[in-house]
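Enquirer: Structure, please.
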Amino acid sequence: MIDDLSSYHIDDLKEGMIFSIEIKLLAEDIDNYSKVSGDISPIHMDDNFASKRGFPKRVAHGLLLASYLSRIVGVHLPGRNAFLQSINLHFLLPVYAGDTIRIGVVVDQVSTAANTIVLKAHIENIATGKLHARGKLQVGFTEEKL
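Expert: All right, here's what the predicted structure looks like:
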């Protein structure tokens, strides 16, 4: 599996480069995230509770969605040479089990002096075209020490 990782260095990246993944969010994804994080809030775990609060069914954890951005940074763009330094994500609309979402990033800034990049991020529902979250990520780079 490690051979599937991208290996961009900061000098390989240019403003405007894009990458996205599509995910069909499953109820088991929400359940598994809840087990790992310990966040068992009924808004995420109980359809009846969520419906009494105006949602059609339980709402996916926002940080589950953010974890897909972490996947993009650590695996795809930039990949193995990068680490997520900060994330600022605004949740605009809830995401539910069964939704197919596109999680994408665009290289917004490249600073070779600081050895960092800034990515603009978005999460959209493919079926509706609606934007569910947007934000920015700051990404640093590592180098192998000999």
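Enquirer: Need the phi and psi values for the spatially most central residue of the chain.
Expert: A centroid search over the chain (C-alpha atoms, centre = their mean) returns residue 69, at 2.3 Å, as the residue closest to the centre. Here is the backbone geometry of residue 69 (degrees, to the nearest 10): phi -70, psi -40.
Enquirer: my guess is it contacts residue 87, does it?
Expert: Yes: between residue 69 and residue 87 there is a contact at 6.6 Å, judged by C-beta atoms under 8 Å. For the C-beta atoms, the positions are set from N, CA and C on the backbone; glycine is no exception.
Enquirer: hey, what's in contact with both of these two?
Expert: The contact sets of residue 69 and residue 87 overlap at 121, 137 (C-beta atoms under 8 Å, 6 or more residues apart in numbering).
Enquirer: List the buried residues in stretch 129-146.
Expert: Within stretch 129-146, the residues scored as buried using 16 or more other C-beta atoms under 10 Å are 132-133, 135-141.
Enquirer: Tell me which of those fall in helices.
Expert: Using DSSP state H, no member of the buried residues of stretch 129-146 sits in helices.
Enquirer: ok, residue 124 - how many residues close by?
Expert: 21 (other C-beta atoms under 10 Å).
Enquirer: average pLDDT for stretch 116-135?
Expert: Stretch 116-135 shows an average pLDDT of 98 in the prediction.
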